[in-house]
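Visitor: quick one, what's the 3D model for this:
(2 chains)
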Protein chains: 2
Amino acid sequence: MLLRWLTSPAASTSKFSLPRTIRQLLERPPSADDATTVFGWIKSIRKQKNMSFAVITDGSSANGLQAVLLKGKDDDLFKKLTNGAAVRLTGRLVSSPGAGQSHELLVDQTGQVAILGECDPEAYPIQKKDLTSEYLRDHIHLRARTAHIAAMIRLRDSLSRQINSWFDSQGFYFVNTPIITGNDAEGAGEAFRLALLEMQHPAAATTTPPTPSEFFSRPSFLTVSHQLHLEALATAISRVYTISPCFRAERSLTGRHLAEFWMVEAEWAFPQNGVHGVCDLTEALLRSTVNEVLTSEDMDILWKEGSSARHQILLDAFTTQKPWTKISYTEAVHELEAAGSVQFEYKPKWGHSLQSEHEKWLAEQLVRGPVFVTDYPTSLKPFYMRANEDAQTVACFDLLVPHVGELIGGSMREERADLLKRQMAGIGGSEWYVDLRKYGGAPHAGFGMGFERLVSWVSGIENVRECTPMPRWAGRMLL
Amino acid sequence: MLLRWLTSPAASTSKFSLPRTIRQLLERPPSADDATTVFGWIKSIRKQKNMSFAVITDGSSANGLQAVLLKGKDDDLFKKLTNGAAVRLTGRLVSSPGAGQSHELLVDQTGQVAILGECDPEAYPIQKKDLTSEYLRDHIHLRARTAHIAAMIRLRDSLSRQINSWFDSQGFYFVNTPIITGNDAEGAGEAFRLALLEMQHPAAATTTPPTPSEFFSRPSFLTVSHQLHLEALATAISRVYTISPCFRAERSLTGRHLAEFWMVEAEWAFPQNGVHGVCDLTEALLRSTVNEVLTSEDMDILWKEGSSARHQILLDAFTTQKPWTKISYTEAVHELEAAGSVQFEYKPKWGHSLQSEHEKWLAEQLVRGPVFVTDYPTSLKPFYMRANEDAQTVACFDLLVPHVGELIGGSMREERADLLKRQMAGIGGSEWYVDLRKYGGAPHAGFGMGFERLVSWVSGIENVRECTPMPRWAGRMLL
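Guide: Sure thing, here's the model as predicted:
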């Protein structure tokens, strides 16, 4: 039991306790004289005549725990010690003579072995050998039992805890904004629409979708961004953020797109130093977050088979003392135009979107690290971004990172009601959104970061389908 | 800037900083000799001939900061100091002679006043007078500007941080499970179904919903619970939880139901002490979480106009050293039957669901506090709950709390594949869910807690529509 728990007086009367996980046992090993009980699954087992060596995992740590099991009289039990079986082992945690592990569990005649759940090793879909990503996507309910996916899941936990901690330290409040909405923040037009099927049981759902009725008295969609709602809260609470699901009914089947994904989004009033200040804030968030995980055991597992060059570029971004590069869109286009020797499929041109190949070149070739590209042409960006004085560009940025591309997009928001209304003309913007400016509209700023893309960048996992436990994309939804 | 930030060497090169919020200023007041700048909105203002007294809020704390503004020469500026206006004030933070506040901001001739966003006090919908819940629901985009809703939003932040912290201390990993699913954990049949409208822009959505196509090659729904997916992860990571949105297309318009709500759900392998152990774990979670906020300034605001009797019952639940009461469903029915003097609308009877009036009586009259009701009849509960040896009941519980009713539902999960299959017969359960038992299926348990109901219980806010920033219910979705 941990300190926090022991020091809570009101809770101390409860009889509640959980057994210690393998991670907890290895963090503070009990005495080798004490009986120690471990719960988990057999990850691999090597049987000899009178003893077995089994690696036990409970998912709590990157590396499992080796158990040395002396064979008792129960032959039947011994046979059931197979890959995938759930077991309870009682033995003594002793220093390990083997390399790569500090301790091992010795289960001798005084110990106990119990099978809590059998597993037929022939039928078990998660074999010890290497399994392809495609195979594991087809066995998505068992996928977290592989070391790689389990490490990704723990990495997600670490990253989100650090993000929460950083925002808290900066006076931001965590809020929940709606998933079902009538808005469309991006104007992308790729939103899922909701239909209500009165009392239809999913198990009995017909294959032909029926004609839906409206549950909310008007068309409703799954949100593509929480920004507009966060802005409403930032005009009251000043600093707010969320980590929340977003949805795009996108048909593109790239390694960077999911139909359901999580976004870290923040909005705050009274920002300092314009769009460069917004860049600085996101850099501070990322440095604080990623530095906490950069050398973890999970990262060792995730990068074991990754490109070491790519890994080095990641490490460099976080160990350098130098602030990350900022260049304006206009400068970026100049650099792209000047890169005469590079053959781009699309010719870079001011006023046109940066293509993936351009973004890649900027981050991977020109800068070899994260790069903020700021102040894009007004025509390329949504209506809510704040107009610059040149009347041609807006105070915005994209953070491009090597091998992933756009990780964060953000901007100063247009707080001047008259300018905002002009931008909204013809696109059917909402009156309530103008109200936020009409009544004490303060300067404010915000950004959104794709959480799976952050995981991809940090872990080196190339496809975002492996950056979330149970991905959804066009045509694909298991479970 | 906070300690965490200062001690991070790699980040120390960044130029990033935000101004201190009112909460941060009051927690560590700067010297009265230094110039201090405050950003916020005018909550109220009292003007005299040569000075004004304004309460400034930035949403960071329950109580704002009083500013004393000496009138300068700029009459026009002075006029624009109205309720709702966004301001930047520079002055000196001095000890306050007034009651109820430690410090006030003195803005004299050496100070500065800037209007960052004007607000017409006549047109401003958020007047100082008391505004009804209904009125504020109609002005949902401005609602967080009231002290009560802002306090609720900060309370949500505190509660979710404590929940995250407690789970972390117990070796649980935070995971994200799908929102879009083909499953139906409860069999409630009130799920929203998704329709795909190819490239339809929400702003241009027709009022007649069109016939949808399937995006995922099969019918897809918004999840009503994350339990089944969490179970899949708990058979790999051992201890997992999430705080995630859930959806019910429910037409009932009670103060306890929303169409979109947040759930705290956890699943873990290798539980101890059966269903009583599960109860104990949730009690420990709640005590740890709620004790952190029980006497906060936000709670003072939230309970100021609440029932003091109700408040006392809440305080008693968390200050008592005695573990919370547990009774079996069978005992509960006996107690209800024995309460001869109480006229229930529905006669309590073994095998029938407990009605709201029964749950109210158990928590508010019999126990006068939280009560775990355990071991309900099999026929009243979903297929996944673990059968007890009596073959009539399942190892489950509901936690009933005064004035809210069911806050948590949980159980041991049926880990025996043959018994599970028998329960699933005829309801079209999924093969993958049986797989979790087939391959190393370990004993496991879990629960779900409605987050808005927790907020309601703790804050005394009776209607869950005021327990989330932007509620959705049948027929109602603003923003």
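
Visitor: show me where pLDDT drops low in chain A?
Guide: Applying pLDDT under 70 to chain A flags residues A:1-14, A:184-189, A:196-213, A:428.

Visitor: and the residue located most distally from the centre of it, helix, strand or coil?
Guide: The outermost residue of chain A relative to its centre, with distances by CA atoms, centre = their mean, is residue A:73 at 48.1 Å. Residue A:73 falls in the coil class when you classify it by DSSP: H, G, I helix; E, B strand; the rest coil.

Visitor: separation between it and chain B?
Guide: 24 Å (CB to the nearest CB, to the nearest Å). Backbone N, C-alpha and C define where each C-beta goes, glycine included.

Visitor: for that residue, phi and psi?
Guide: Here is the backbone geometry of residue A:73 (degrees, to the nearest 10): phi -90, psi -10.

Visitor: ditto for residue A:173
Guide: Residue torsions, per degrees, to the nearest 10, at residue A:173 are phi -100, psi 140.

Visitor: show me what contacts the nearest residue to residue A:181 once chain neighbours are set aside?
Guide: Once flanking residues are discounted, residue A:181 sits nearest to residue A:223: 4.7 Å by CB to CB, 6 or more residues apart in numbering or on different chains. Residue A:223 is in contact with A:177-181, A:183, A:185, A:191, A:246-247, counting by CB atoms under 8 Å, 6 or more residues apart in numbering or on different chains.

Visitor: most widely separated two among these?
Guide: Maximum pairwise distance among those (CB to CB): 15.5 Å, between A:177 and A:191.

Visitor: out of those two, which sits in the more crowded spot?
Guide: Taking neighbours as other CB atoms under 10 Å in any protein chain shown, residue A:177 and residue A:191 compare with residue A:191 leading, 28 against 24.

Visitor: so the more buried one makes contact with residue A:220?
Guide: No. If you go by CB atoms under 8 Å, residue A:191 and residue A:220 don't touch, sitting 9.6 Å apart.

Visitor: strands along the stretch 201-350 of chain A, start to end?
Guide: Using DSSP state E, counting those that start in this stretch, the strands of the stretch 201-350 of chain A run over residues A:221-222, A:239-247, A:260-269, A:325-328.

Visitor: in TSV: these, plus distance to residue A:154.
Guide: Formatted as TSV, the strands of the stretch 201-350 of chain A follow (distance: least, CB to CB, whole Å):
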stretch	distance to residue A:154
strand A:221-222	28
strand A:239-247	17
strand A:260-269	16
strand A:325-328	31
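
Visitor: just say helix, strand or coil for residue A:162.
Guide: helix.

Visitor: check the one 4 residues further on too.
Guide: Classification of residue A:166 using three-state DSSP returns helix.

Visitor: find the nearest non-adjacent residue to it, please.
Guide: Distance criterion CB to CB, 6+ apart; nearest residue to residue A:166, sequence neighbours excluded, is residue A:288 at 4.6 Å.

Visitor: count of residues packed around that neighbour?
Guide: Neighbours of residue A:288 using other CB under 10 Å come to 22.

Visitor: that one reaches residue A:168, doesn't it?
Guide: No. Distance between residue A:288 and residue A:168: 11.3 Å, which falls outside the contact criterion (CB under 8 Å).

Visitor: longest strand in chain A, please.
Guide: Longest among the strand segments of chain A by residue count, using DSSP state E, is strand A:36-47.

Visitor: and the contacts of residue A:223, which is closest to residue B:195?
Guide: residue A:191 (10.7 Å).

Visitor: show me how chain A divides into domains.
Guide: For chain A, the structural domains run A:22-117, A:144-198+A:211-466, going by automatic domain parsing.

Visitor: now do the longest one: distance from first to last residue.
Guide: So that's domain A:144-198+A:211-466. End-to-end distance for domain A:144-198+A:211-466, by CA to CA, to the nearest Å: 10 Å.

Visitor: the first one too?
Guide: In domain A:22-117, first residue to last residue: 19 Å (CA to CA).

Visitor: quick one: the helices in chain A?
Guide: For chain A, the helices defined by DSSP state H occupy A:3-6, A:22-27, A:75-79, A:133-138, A:147-169, A:227-237, A:274-291, A:297-303, A:308-319, A:329-338, A:356-360, A:417-424, A:431-438, A:451-459.

Visitor: out of those, which one sits most buried?
Guide: Each of the helices of chain A was scored by mean neighbour count; the highest is helix A:227-237, a mean of 27, by mean count of other CB atoms under 10 Å in any protein chain shown.

Visitor: is any residue of that one near chain B?
Guide: Yes. Applying CB under 8 Å from any CB of the partner chain, one finds helix A:227-237 touching chain B at A:228-229, A:232-233, A:235-237.

Visitor: dump the residues you listed to CSV, plus distance to residue A:410.
Guide: Below are the residues of helix A:227-237 next to chain B laid out as CSV (distance: CB to CB, whole Å):
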residue, distance to residue A:410
A:228, 14
A:229, 16
A:232, 18
A:233, 17
A:235, 18
A:236, 21
A:237, 19
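
Visitor: for those residues, which one is nearest residue A:35?
Guide: Of the residues of helix A:227-237 next to chain B, the one sitting nearest to residue A:35 (CB to CB) turns out to be residue A:237, at 52.0 Å.

Visitor: what's around the residue nearest to residue A:400 when sequence neighbours are not counted, how many residues?
Guide: Leaving aside its sequence neighbours, residue A:400 sits nearest to residue A:363 (CB to CB, 6+ apart; 4.4 Å). Residue A:363 has 25 neighbours, counted by other CB under 10 Å.

Visitor: surely residue A:363 meets residue A:406?
Guide: No. Assessed by CB under 8 Å, residue A:363 is found out of contact with residue A:406, at 9.6 Å.

Visitor: overlap of the contact sets of the two?
Guide: In contact with both residue A:363 and residue A:406: residue A:400, using CB under 8 Å, 6+ apart.

Visitor: enumerate every residue touching residue A:258.
Guide: Residue A:258 makes contact with A:248, A:452, A:464-465, A:468, A:471-473 under the criterion CB under 8 Å, 6+ apart.

Visitor: to clarify, my last question referred to residue A:400.
Guide: A:359, A:362-363, A:370-373, A:406-407.

Visitor: related to what we said a few turns ago, tell me the one of the contacts of residue A:223 nearest residue A:423?
Guide: Scanning the contacts of residue A:223 for proximity to residue A:423, where the rule is CB to CB, the winner is residue A:185, at 13.7 Å.
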